[in-house]
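In: Following is a predicted model, sequence given first.
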Amino acid sequence: MNIKDHIRSIPDFPKPGILFYDISTLLAHAEAWKDAVGQLADAVKPYKPDVLVGIESRGFLVAAPLALTLGLGFVMIRKRGKLPGDIITHNYDLEYGSDTIEIQADAIKPGARVVVCDDLLATGGTMVAAINLLRSVGAEVVAAQFLIELAFLKGAEKLDVPVNSLVSYES
Ligand SMILES: O=P(O)(O)OC[C@H]1O[C@H](OP(=O)(O)OP(=O)(O)O)[C@H](O)[C@@H]1O
Ligand SMILES: Nc1ncnc2[nH]cnc12
């Protein structure tokens, strides 16, 4: 199964000059998606995680089925103001402006081995922020797992954990 055959690229979204890699077509194809989740499971298993974390929102689509497949719990990192109860917040800078992500304070046991999952690695800013947030609650981040890596943006160079992706694009 070639996963790239099920990913659609759409030019000029969300703005002119950006090529958007759309996973809707992969998600809609049960056989291809099952195969992709199996490949993700094979990639993540060697890190022996205690728990998987997904980054809102497309990261949830990757982390939740993967956690079920591996028999692990799944924890959400969400954007500002979405999580109830005691929350730990992390603010981070973007090219223009800033953003905030959050996790529930009791979601991760101190020292837990965590693999963080997202659908796509672009500049790496989102994953750097997620790793910093997880470390602030005592997680041991053992890997970052993606479905897609936009290798030409060199986001992996910003990450100080092992980085895995199922498919990579050079432009
Ligand atoms: O490596 P980066 O440059 O940080 O970009 C990658 C992030 O961008 C996308 O999320 P988006 O903010 O579009 O949110 P969504 O998942 O809710 O669509 C994608 O799902 C990653 O989380
Ligand atoms: N080019 C892209 N395609 C899909 N999702 C993205 N998230 C950030 N950059 C993206």
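Out: Received the coordinates, thanks. Ligands and ions are numbered 1, 2, ... in the order given.
In: going forward, measure contacts and count neighbours with C-alpha atoms only.
Out: Fine.
In: and the top helix by length along the chain, how far from the chain's centre?
Out: Secondary structure of the chain per DSSP state H: the longest helix is helix 30-44. When distances are taken as C-alpha atoms, centre = their mean, to the nearest Å, helix 30-44 is centred 15 Å away from the chain's centroid.
In: Check the offset of the helix or strand just after that helix from the chain's centre.
Out: For helix 30-44, the succeeding helix or strand toward the C-terminus, using DSSP states H and E, is strand 51-55. Relative to the mean C-alpha coordinate of its chain, strand 51-55 is positioned 7 Å out (C-alpha atoms, centre = their mean).
In: Quick one: list the elements packing against the very next helix or strand once past strand 51-55.
Out: With elements assigned by DSSP H and E, the helix or strand that comes after strand 51-55 is helix 58-70. In this structure, helix 58-70 packs against helix 30-44, strand 51-55, strand 73-79, strand 113-121, with contacts taken as 3 or more C-alpha pairs under 8 Å, 6 or more residues apart in numbering; DSSP states H and E.
In: These into CSV, with extra columns for mean pLDDT, distance to ligand 1 and mean neighbour count?
Out: Shown next, in CSV, are the helices and strands packed on helix 58-70 (pLDDT from 0 to 100; distance: least, C-alpha to the nearest ligand atom, whole Å; neighbours: other C-alpha atoms under 10 Å):
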stretch, mean pLDDT, distance to ligand 1, mean neighbour count
helix 30-44, 98, 16, 17
strand 51-55, 98, 6, 26
strand 73-79, 98, 9, 20
strand 113-121, 98, 4, 25
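In: Fine by me, thanks again.
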